[in-house]
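A.B. asks: Okay, predicted coordinates and the sequence, questions at the end:
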Amino acid sequence: MRRRVRTLALALAAAFPVGEAAAERLVPANPGALAAALAGVSAGEVLILAPGLHEGPVRLDRPVTLDGRGQAVLDAGGHGSVITVTGPDVTVRGLTIRGSGSSHQEIDAGVKLDRSATGALIEDNRILGNLVGVHVFGARDSEVRGNTIEGRRHHRMNERGNGVYVWNAPGTVVEGNDIRWGRDGIFANVSRENAFRGNLFRDLRFAVHYMYTHNSEVTGNVSLGNHLGFAVMFSNRVTVTDNLSLMDRSHGVMLNFANNADVRGNLVRGGTTEKCTFIYNAHRNLIVGNRFEGCEIGIHFTAGSERNALTGNAFIGNRTQVKYVGTRDIEWSVGERGNYWSDHPAFDLNGDGIADARFRPNDLMDHILWSQPAAALLLGSPAVQLVRWSQAAFPAILPGGVVDSHPLMHPPEIAVPPHIAALEAEARPAWLHGRLSDDDLDDLTSH
């Protein structure tokens, strides 16, 4: 609400100018000059930082703008957060921000937005080598947009900080940022009504990590070469739409204790050694129009995750399309429209786009192999071939599992922009070359 009011006020001011523009003051790149300027700054004033190096850390406790115009560097020399914002309606723009401390307890950051920093705008900065890039610590209606955020590159990922850390900050928007290295791209914890849109995430543990964050959206982001793309955990009513997960190692999309989510129009493609999608104890989710391609497992769902609606998705070239062990049939079609399966030898005699025969992605031997991995030694034996032939000839003996009664003849197409495809072709993530430390991995990825 505060952001909408501020936008309206700016629009009215542009249409009906009254009074004078906000006062601007040039701050030279001299020792102590920025501290002196901040000590006497007035609300609404714009401080233009001259090209060069400025000393931090600094605290912004009133509505001011700090603008480096792309040429000023603010360095805290390894002490605390470089910029701490405690006043409302602060703007930080056009700076290179570096040199935070390394305290995980204090959560040292390039920019820290405290609870009272409502309506902050952090845009078009280069936030480099700090423990955390931007820490939104309870500040409502903040915007973090258009920044380049590069984290630290310690061997152990868990010693790094997150690109953007959102804690109990309703209304936060994180949009159009390029976030690389560090731990998680965006970590949202105990929050709500957040929007993460159009960001690029590379060389991280998780691209987006939701914990106890409800009524929020993750839209139009790109996760490239991370350990896991988009993890929605213990969160309800989250919209995950039109995202790309390319060359992520373990999962593209994870729903863990996540309910009433809308997962739509996402592409998970290639590079993963594990699962395109993992659904664990998650219910009443709508999973529509996604494309899961080139993974060891297309989708793995377990722990009672049967109460989800799946339709219009494509499962293409996955070694195992679906992994599910159950005793009853689970229908994966909605309104007589199912999903596309690249390994379904389908016919469509009436030309309605729906295959004439239902499809079961798993059989009895799959169930045996998942529960008894040593049975893989028998895969080429005549006994296994006989079991599979018998099931094909007599479907009544098939076990419970996923059934698609209305498979699609054609998959949904999800385009990858040329500049992202070029980054994908050039990507060389550390995990791809076996350069992992023990704590790079999260226990959840082993389910």
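C.D. replies: Received, thanks. Remember, predicted model here, so these are calculated numbers, not experimental data.
A.B. asks: which ones are touching residue 35?
C.D. replies: 55, 58 (CB atoms under 8 Å, 6 or more residues apart in numbering). In short, each C-beta sits where N, CA and C put it, glycine included.
A.B. asks: scratch that, residue 195 is what I was asking about
C.D. replies: Contacts for residue 195 (CB under 8 Å, 6+ apart) come out as 172-175, 216-217, 219.
A.B. asks: out of the residues you listed, which are inside strands?
C.D. replies: 173-175, 216-217, 219 (DSSP state E).
A.B. asks: Got the phi and psi for residue 424?
C.D. replies: Dihedral pair for residue 424: phi -60, psi -40, per degrees, to the nearest 10.
A.B. asks: what bridges to the residue lying closest to it once chain neighbours are set aside?
C.D. replies: In space, and not counting its chain neighbours, residue 424 is closest to residue 246: 4.8 Å by CB to CB, 6 or more residues apart in numbering. Note on residue 246: beta-bridge partners residue 224, residue 269, judged by DSSP bridges.
A.B. asks: do the same with residue 402
C.D. replies: Beta-bridge pairing for residue 402 (DSSP bridges): residue 330.
A.B. asks: I'd guessed it sits against residue 358; true?
C.D. replies: No - contact criterion CB atoms under 8 Å: residue 402 and residue 358 do not qualify, at 10.6 Å.
A.B. asks: what about those two, which has more around it?
C.D. replies: Neighbour count, other CB atoms under 10 Å: between residue 402 and residue 358, residue 402 has more, with 22 against 16.
A.B. asks: which SS class is the residue nearest the centre of the chain?
C.D. replies: For the chain, residue 208 is the residue whose C-alpha lies nearest the centre (CA atoms, centre = their mean; 2.7 Å). The three-state assignment at residue 208 reads strand, by DSSP: H, G, I helix; E, B strand; the rest coil.
A.B. asks: Can you name the residues that contact it?
C.D. replies: Here residue 208 is in contact with 184-186, 188, 196, 201, 218, 221, 223, 229-231 (CB under 8 Å, 6+ apart).
A.B. asks: any low-confidence regions in the stretch 301-447 of the chain?
C.D. replies: Along the stretch 301-447 of the chain, segments meeting pLDDT under 70 span 303, 325-327, 362-400, 433-447.
A.B. asks: Please enumerate the helices of it.
C.D. replies: Assigned by DSSP state H, counting those that start in this stretch, the stretch 301-447 of the chain shows helices spanning 364-371, 382-393, 418-426.
A.B. asks: Not counting its neighbours along the chain, what's nearest residue 279?
C.D. replies: residue 301 (3.9 Å).
A.B. asks: The one you found reaches residue 287, doesn't it?
C.D. replies: No - in this structure residue 301 lies outside contact range of residue 287 using CB under 8 Å: 9.8 Å.
A.B. asks: Identify the contacts common to the two.
C.D. replies: Listed as contacting both residue 301 and residue 287 by CB under 8 Å, 6+ apart are residue 308.
A.B. asks: More neighbours: which of the two?
C.D. replies: Legend: neighbour count by other CB under 10 Å for residue 301 and residue 287, higher for residue 287 (27 against 24).
A.B. asks: Help me confirm that that one is found in a strand?
C.D. replies: Yes - assigned with three-state DSSP, residue 287 falls within a strand.
A.B. asks: beta partners of it?
C.D. replies: According to DSSP bridges, beta-bridge pairing links residue 287 with residue 263, residue 310.
A.B. asks: Please apply the same query to the one 10 residues further on.
C.D. replies: Taking DSSP bridges as the rule, residue 297 bridges to residue 275, residue 320.
A.B. asks: can I assume it is in contact with residue 324?
C.D. replies: No - counting by CB under 8 Å, residue 297 does not reach residue 324; the two are 10.2 Å apart.
A.B. asks: Would you mind finding the longest strand in the protein?
C.D. replies: strand 65-75.
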